[in-house]
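Student: After the sequence you'll find the predicted model.
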Amino acid sequence: MDIKKRYLVIFYILFFLKGLVLSGYSQEDREHILNPGDTVEINVYDEPDLYTVYCISQDGFISFPLLGKIRAEGLTVSELERLITQLLAQDYLVHPQVRVFVKEYAKITISGFVRTPGSYELKKPLTLVTAIALAGGCLPEADTSKIKLVRIKDGKSYTQQIDMEGIINNTIPDVFLMPNDTIIVEEYGRVSIIGQVRNPGTYSLRRGLTLMELISMAGGFTEIANIDGTSIVRAEANKKKIIRVKISDIIKRGDKTKDVVLQVGDTVVVPESLF
């Protein structure tokens, strides 16, 4: 058997095996709506020269032997299969048998303060909220009111700021994602604590974090801390504001109304006791 015949036999065997695998290729896969960035594999039975693997271009086309450019974006896998079959049957082949498979799906990227950042396949229409759920949701210190969506269009990068809280509260609509979109979830902000706590430093701020919670995060007071001398330095309208907090009212009297919700950029100062 010469090399060419051997090649054809191998191709036919592989094509047959591919057809057997098709039974495991779900109806959902067959009805996937093709996007730019999807990579499709196209087989034509008994025509190895027409075997093609092609990534759908950003303008939505593939290039196929004999037929040239074919618009694939917006078609399902089954519809593209039927279209190629019809075009080949018109001028080139008698009863062509075409099989189209998605070899690789277009992706979106999620980065920042989510539990599982990374790239995710766009197998079906995804909204911003659904995509973030796929990434495990936002971390407590994420700023969910200012999520960035970066999209490439006509070779240019555009950034949109989205309030996910507004989407969840049904005050604004969710946003459907496009191939190659990047979602960036940034940190809500940071606060600092200095002085007589066990682990002074800068900490990530989550919405609603209180003074007492931050002190706990910093390991609590030292033995020489003047707890009732604790103050919060806050910038308001380009001016410094000092908020003094009598911690003993919170700890000993249980007056939680004295606890203060922290804001981005706050600095907590815990002085040393003089006695």
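Tutor: That came through, no problem.
Student: what bits of this structure have low per-residue confidence?
Tutor: Along the chain, the model assigns pLDDT under 70 to residues 1-26, 275.
Student: So which residues of this protein form helices?
Tutor: 3-21, 27-30, 77-91, 128-134, 164-168, 211-217, 247-251 (DSSP state H).
Student: what packs against the third one?
Tutor: What it means is helix 77-91. helix 27-30, strand 39-44, strand 68-71, strand 98-104 (3 or more Cβ pairs under 8 Å, 6 or more residues apart in numbering; DSSP states H and E). C-beta coordinates here come from the backbone N, C-alpha and C atoms, glycine included.
Student: how about the ones you listed in CSV, adding mean neighbour count?
Tutor: Below are those laid out as CSV (neighbours: other Cβ atoms under 10 Å):
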stretch, mean neighbour count
helix 27-30, 12
strand 39-44, 19
strand 68-71, 14
strand 98-104, 19
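Student: would you list those in a markdown table and tack on distance to residue 116?
Tutor: As requested, those are exported to a markdown table (distance: least, Cβ to Cβ, whole Å):
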| stretch | distance to residue 116 |
| --- | --- |
| helix 27-30 | 23 |
| strand 39-44 | 24 |
| strand 68-71 | 35 |
| strand 98-104 | 20 |
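Student: Tell me, domain by domain, which residues of this protein belong where.
Tutor: Using automatic domain parsing, the domain parsing of the chain gives 3-104, 107-185, 190-270.
Student: Distance check, residue 237 against residue 159.
Tutor: Separation of residue 237 from residue 159 (Cβ to Cβ, to the nearest Å): 28 Å.
Student: Please say which of those two ends up with more neighbours.
Tutor: residue 159 (10 against 5; other Cβ atoms under 10 Å).
Student: does that one really touch residue 150, like I thought?
Tutor: Yes - under the criterion of Cβ atoms under 8 Å, residue 159 makes contact with residue 150 at 5.2 Å.
Student: quick one: contacts of stretch 204-218?
Tutor: 140-142, 144, 187-191, 193, 197-201, 203, 221, 230, 232, 245, 247, 250, 259-264, 266, 268, 270 (Cβ atoms under 8 Å, 6 or more residues apart in numbering).
Student: same thing but at 7 Å, please
Tutor: 140-141, 187-191, 193, 197-200, 203, 221, 232, 245, 250, 259-262, 264, 268 (Cβ atoms under 7 Å, 6 or more residues apart in numbering).
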